[in-house]
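**Q** sharing a model prediction with you, sequence too.
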Amino acid sequence: MNVIEHSEFRDEEGVISLENRVRGTLQHGLSWYGLMQAQEFVTHRLGKTLDREHTLLRNIVIPGTTVTVSMILLSPQGIRVLEPSSVKGVFRAKGEDWLKFDSRGRRFRTARPNLQAQTLDLAQLVHRYLQKYLETQGYLEGQDYKLPEVEAVLVIANPRTHLDSARPRIRIVQADAIDHFAANLLEFQPIMDQEDIDILTEALIEPKFPEPEPVAEEELEPSVAPYEFVEEGEVFTAEHETVALPTQAFHRLSSMPFSQSQWILLAVMTFFELVVLIIFAMLILRNMAYG
């Protein structure tokens, strides 16, 4: 499986250093590192079955938006947004509802965020963007080809998490069923070739939009959206409306001021690093003294 990584926090070997772990946690919150670990787990399991015909894009910011999609799988069998989750506990997916078992109340209660709705929102956003991009590039003109629907797949990466599902709104794959999901995918009828996959990969990581027509300097507005289907300061939609996505779906590209909890986390991690350095220094001095 061909994996294309776009996270600024992973090095060329896919490793997250301690410094980048701190930066990522401060920028995206305490749950961020768990998400990155879930990505690695899902990628490893998929890679056992899927070959080089399949391309997995990770941590892709949808052009024209501030939304990061964790994993997008482009296969001869279609397009899938995979949202890995490291949630713990007992959950139930019933219709559109996302519930978690409350051990104290001995009952299921509505859980936030709704991982079903979140994953579906991301899949719909990816589909709208790709559809508009292909139209802009003229790929769909005079062709019977239609962009396949983007399937939303929630992947539970924690093997200890139990899920009870009853007609869920989207496809949900538990940790012990990832291998079966990949094998089942290969049984579907191919609907895309390698050229299609290359075009979609380019659209997501290196889009080539037409140059805007030159206008007189006095006609320029102070702020202009880069593409006709992106409203300035808004999340992309083809209908020029803001998409209401859960908070966890937004990964800001610009640096954000630290919150009080983030400063506390930074102070704690700095303290432990200093303790480790002091211990190493003491060991070196002792060895030199006895040497």
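**A** Yep, it's here.

**Q** pLDDT-wise, which helix or strand of the protein ranks last?
**A** Per-element confidence for the chain was summarised using mean pLDDT, DSSP states H and E. The lowest value among helices and strands belongs to helix 260-290, with a mean of 71.

**Q** helices of the protein, residue ranges please.
**A** 18-28, 32-47, 115-137, 178-186, 194-205, 260-290 (DSSP state H).

**Q** which stretch among those helices comes nearest Glu53?
**A** Nearest to Glu53, of all the helices of the chain, is helix 194-205, at 7.1 Å by C-beta to C-beta. Any C-beta I mention is one placed from the backbone N, CA and C, and that applies to glycine too.

**Q** what helices or strands is the closest one leaning on?
**A** With contacts defined as 3 or more C-beta pairs under 8 Å, 6 or more residues apart in numbering; DSSP states H and E, the packing partners of helix 194-205 are strand 55-61, strand 68-75, helix 115-137.

**Q** now the angle between helix 115-137 and that helix, please.
**A** For helix 194-205 against helix 115-137, the angle by axes from the mean of the first three to the mean of the last three C-alpha atoms, to 10 degrees is 110 degrees.

**Q** now tell me what touches helix 194-205 from outside.
**A** Counting by C-beta atoms under 8 Å, 6 or more residues apart in numbering, the neighbours of helix 194-205 from elsewhere in the structure are 4, 6, 53, 55, 57, 60, 62-63, 72, 74-76, 79, 129-130, 133-134, 137, 139, 192, 208.

**Q** try 10 Å
**A** 2, 4, 6, 52-55, 57, 60-63, 69, 72, 74-76, 79, 126, 129-130, 132-134, 136-137, 139, 145, 147-148, 190, 192, 208-209 (C-beta atoms under 10 Å, 6 or more residues apart in numbering).

**Q** quick one: low-confidence parts of the stretch 51-200 of the chain?
**A** Per-residue confidence of the stretch 51-200 of the chain (counting by pLDDT under 70) places the weak regions at 140-145.

**Q** hmm, try it at 80
**A** Of all residues in the stretch 51-200 of the chain, those with pLDDT under 80 make up the ranges 138-146.

**Q** buried set for stretch 189-200?
**A** Met192, Asp196, Ile197, Ile199, Leu200 (16 or more other C-beta atoms under 10 Å).

**Q** quick one: end-to-end distance for that stretch.
**A** Using C-alpha to C-alpha, to the nearest Å, the span of stretch 189-200 from its first residue to its last is 19 Å.

**Q** off-centre distance for that stretch?
**A** Averaging C-alpha positions (C-alpha atoms, centre = their mean, to the nearest Å) puts stretch 189-200 21 Å from its chain's average.

**Q** what does stretch 80-94 give?
**A** Using C-alpha atoms, centre = their mean, the distance from the centre of stretch 80-94 to the centre of the chain it belongs to is 14 Å.

**Q** now swap in stretch 89-98 and tell me
**A** Here stretch 89-98 shows a centroid-to-chain-centroid distance of 21 Å under the convention C-alpha atoms, centre = their mean.

**Q** using PDB, list the CA coordinates for it.
**A** Output in PDB follows, covering the C-alpha atoms of stretch 89-98 (Å, rounded to 0.1, in the frame of the first residue of the first chain):
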ATOM      1  CA  GLY A  89     -15.300   2.000  26.700                       C
ATOM      2  CA  VAL A  90     -18.500   0.500  25.500                       C
ATOM      3  CA  PHE A  91     -20.400   2.300  22.700                       C
ATOM      4  CA  ARG A  92     -23.600   1.800  20.700                       C
ATOM      5  CA  ALA A  93     -24.200   3.100  17.200                       C
ATOM      6  CA  LYS A  94     -28.000   3.100  16.700                       C
ATOM      7  CA  GLY A  95     -29.200   4.800  13.600                       C
ATOM      8  CA  GLU A  96     -27.700   8.300  13.700                       C
ATOM      9  CA  ASP A  97     -27.100   8.200  17.400                       C
ATOM     10  CA  TRP A  98     -23.700   7.700  19.100                       C
END
